[in-house]
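Undergrad: No sequence on hand, only this structure:
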């Protein structure tokens with residue numbers, strides 16, 4: 001059966017639940033089935049599943065239930081990070097910190113994650129999460145990335161046969177998606193897409209503007225990350241260059257000159273074609289906007305709540321990067337601002353055309369940490385012109401719809417898995433309310449935010465202290 005592995009994963013996750021009965025009493029529910037608020041509700045959770053939602057005056061709370069006062073608070077689905085990684089994916093941190101890294105996500109209200117470059121260790125964490133061995137989000141894992149050049153944890157695929165073999169190996173290993181990145185030739189890409197279709201696994205990732213291109217990815221129905229290749233689509237016909245600011249080409253200062261040659265009138269048609277190909281789009285907008293589009297000061301970075309998770313050496317490496325990197329220092333601010341403006345117009349146009357925007361943090365690069373980064377992404381999508389409700393859709397139900405798990409999670413409805421956030425303010429009025437949590441429920445187990453903040457305080461020095469310094 002197609003996507004049988006995903007179905008099996010959901011069944012396992014349904015087993016890894018807390019047997020305790022919990023009742024949220026007098027709470028405002030934002031169910032995410034449509035834009036509405038159900039006031040003064042009682043929500044009863046049993047064995048990890050939402051059993052009852054109803055007016056508090058009419059719902060009887062079981063005697064054995066743990067009561068949570070929801071007066072003045074808002075109950076929403078847990079968040080989904082569709083593009084993240086772990087520090088322990090690299091050889092600079094031990095695999096042993098992986099469970100704590102996942103707990104950082106939970107402490108920030110993230111209850112489902114998709115890791116975008118797979119490793120055997122991530123598959124192990126996926127299994128441990130599903131079994132309930134660790135406090136962790138439900139995990140999806142894309143394959144080691146298919147690329148045309150050696151880039152770490154990858155399959156180098158120079159030929160169609162190599163691409164097909166990489167897809168088959170990834171499927172056999174148990175990965176949930178095939179990840180495409182850069183420098184992969186068109187014929188190898190098309191072979192990978194064809195093989196993936198034959199064996200029932202979806203292709204996700206980049207659309208390298210020099211080798212694959214968005215049009216080829218559209219034809220394949222690929223789910224595209226980062227809006228890769230989209231700036232090249234906006235170039236005027238008489239532009240003196242073919243390349244713009246996408247993917248690795250972002251580091252080439254001359255490419256930023258392309259913003260003098262953009263045709264915005266193309267945006268509606270690009271949006272229409274995007275939705276016709278695959279309506280699910282993960283722009284990772286905050287990461288792109290605030291890592292490259294604007295300059296972060298050292299003071300800003302030091303003030304981030306996730307700063308303490310990075311060891312001093314890594315902190316200094318990033319400070320040096322921002323001070324010394326040629327691209328960072330030479331691209332004019334007006335070019336950066338134009339890039340952000342066009343990205344945001346594309347995001348809004350895709351949404352308006354019927355696209356289903358999803359949330360991905362692309363952490364923990366550039367001193368943005370997983371968990372925390374999800375809330376930055378929500379704000380960035382709001383700044384791109386999406387309504388607060390549309391942003392919540394991106395962070396909850398849209399991602400579950402793409403993952404094939406909307407029948408299990410992603411809304412606050414009877415029969416759904418109890419992956420929930422309890423917020424102290426209304427996110428439909430201000431999306432920043434997702435940062436102001438009273439607590440998180442993960443697979444039916446309730447954690448107060450006070451408890452979760454203690455997790456973060458305990459985990460930060462563990463992660464920072466686990467850094468492995470390699471001698472050159």
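TA: Cool, the structure landed. This structure is a prediction, so every number in the text was calculated from the model and none was measured. Numbers count the residues shown, from 1 in each chain.

Undergrad: Please, where are all the strands along the stretch 51-200 of the chain?
TA: For the stretch 51-200 of the chain, applying DSSP state E, counting those that start in this stretch gives strands covering 66-69, 74-77, 79-84, 110-115, 138-141, 145-147, 154-156, 177-180.

Undergrad: for the first one, packing partners?
TA: Helices and strands touching strand 66-69, by 3 or more Cβ pairs under 8 Å, 6 or more residues apart in numbering; DSSP states H and E, are strand 22-29. Every C-beta, even on glycine, is put in place using the N, C-alpha and C of the backbone.

Undergrad: Kindly recompute the last result at 10 Å.
TA: Strand 66-69 makes packing contacts with strand 22-29, strand 38-46, strand 437-442, strand 445-448 when contacts are defined by 3 or more Cβ pairs under 10 Å, 6 or more residues apart in numbering; DSSP states H and E.

Undergrad: for that strand, the distance to its chain's centre please.
TA: For strand 66-69, the separation from the chain centroid amounts to 31 Å (computed by Cα atoms, centre = their mean, to the nearest Å).

Undergrad: Counting neighbours, which bits of it end up buried?
TA: By 16 or more other Cβ atoms under 10 Å, the buried positions in strand 66-69 come out as residue 68.

Undergrad: ok, it: who's next to it in the sheet?
TA: Note on strand 66-69: by DSSP bridges, its sheet partners are strand 22-29 (parallel).

Undergrad: Let me see the mean pLDDT of the partner strand.
TA: For strand 22-29, mean pLDDT rounds to 98.

Undergrad: quick one: it to chain centroid distance?
TA: With Cα atoms, centre = their mean as the basis, strand 22-29 stands 28 Å off its chain's centre.

Undergrad: for the helices and strands packed on strand 66-69, which one sits closest to residue 301?
TA: Nearest of those to residue 301, taken as Cβ to Cβ: strand 437-442 at 23.5 Å.

Undergrad: partners of the closest one, with directions?
TA: Applying DSSP bridges to the sheet, strand 437-442 is found paired with strand 420-423 (antiparallel), strand 445-448 (antiparallel).

Undergrad: Measure how buried residue 338 is and give me the count.
TA: By the other Cβ atoms under 10 Å criterion, the neighbourhood of residue 338 contains 18 residues.

Undergrad: Wait, it touches residue 261, no?
TA: No. Contact between residue 338 and residue 261 fails when scored by Cβ atoms under 10 Å: they sit 11.0 Å apart.

Undergrad: can I get the strands of the stretch 51-200 of the chain in CSV with mean pLDDT and distance to residue 457?
TA: Shown next, in CSV, are the strands of the stretch 51-200 of the chain (pLDDT from 0 to 100; distance: least, Cβ to Cβ, whole Å):
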stretch, mean pLDDT, distance to residue 457
strand 66-69, 97, 23
strand 74-77, 99, 25
strand 79-84, 98, 21
strand 110-115, 98, 18
strand 138-141, 98, 24
strand 145-147, 97, 34
strand 154-156, 96, 36
strand 177-180, 98, 34
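
Undergrad: hey, where'd the helices end up in the stretch 201-350 of the chain?
TA: With helices called from DSSP state H, counting those that start in this stretch, the stretch 201-350 of the chain shows them at 214-220, 230-233, 267-277, 285-288, 298-303, 312-324, 326-330, 333-352.

Undergrad: Mind telling me which of those helices the model trusts least?
TA: Across these, helix 326-330 has the smallest mean pLDDT, namely a mean of 72.

Undergrad: what's the following helix or strand after whatever helix or strand residue 375 lives in?
TA: Using DSSP states H and E, residue 375 falls within helix 372-383. Moving toward the C-terminus from helix 372-383, the next helix or strand (DSSP H and E) is helix 388-395.

Undergrad: and that next one, what does it pack onto?
TA: By 3+ Cβ pairs under 10 Å, 6+ apart, helix 388-395 packs against strand 74-77, strand 79-84, helix 333-352, strand 356-357, helix 372-383, helix 397-403.

Undergrad: looking at the ones you listed, which is buried most?
TA: Burial of the helices and strands packed on helix 388-395 is given as mean neighbour count (mean count of other Cβ atoms under 10 Å); strand 79-84 ranks first at a mean of 28.

Undergrad: Any idea how far that strand is from the middle of the chain?
TA: How far strand 79-84 lies from its chain's middle: 2 Å, per Cα atoms, centre = their mean.

Undergrad: In contact with the closest residue in space to residue 32 that isn't next to it in sequence, which residues are there?
TA: With Cβ to Cβ, 6 or more residues apart in numbering as the criterion, residue 32 has its nearest non-adjacent residue at 4.5 Å, and that residue is residue 411. Neighbouring residues of residue 411 by Cβ atoms under 10 Å, 6 or more residues apart in numbering: 30, 31, 32, 33, 34, 50, 76, 77, 393, 396, 397, 400.

Undergrad: and if we set it to 6 Å?
TA: For residue 411, the contacting residues are 31, 32, 33, 77, 397, by Cβ atoms under 6 Å, 6 or more residues apart in numbering.

Undergrad: Give me the distance between it and residue 424.
TA: For residue 411, the distance to residue 424 (Cβ to Cβ, to the nearest Å) stands at 21 Å.

Undergrad: now residue 291
TA: 30 Å.

Undergrad: So what does the closest residue to residue 301 other than its chain neighbours look like in phi/psi?
TA: Distances taken as Cβ to Cβ, 6+ apart place residue 367 nearest to residue 301, at 5.6 Å, with adjacent residues excluded. Main-chain dihedrals, residue 367, degrees, to the nearest 10: phi 60, psi 40.

Undergrad: Look at residue 367 and report its pLDDT.
TA: Predicted confidence (pLDDT) for residue 367: 94.

Undergrad: Verify the contact between it and residue 319 for me.
TA: No. With contact defined as Cβ atoms under 6 Å, residue 367 does not reach residue 319; the gap is 9.0 Å.

Undergrad: Those two: who's more crowded?
TA: Per other Cβ under 10 Å, whichever of residue 367 and residue 319 has more neighbours is residue 367, with 23 against 14.

Undergrad: what bridges to residue 262?
TA: With DSSP bridges as the criterion, residue 262 is bridged to residue 235.
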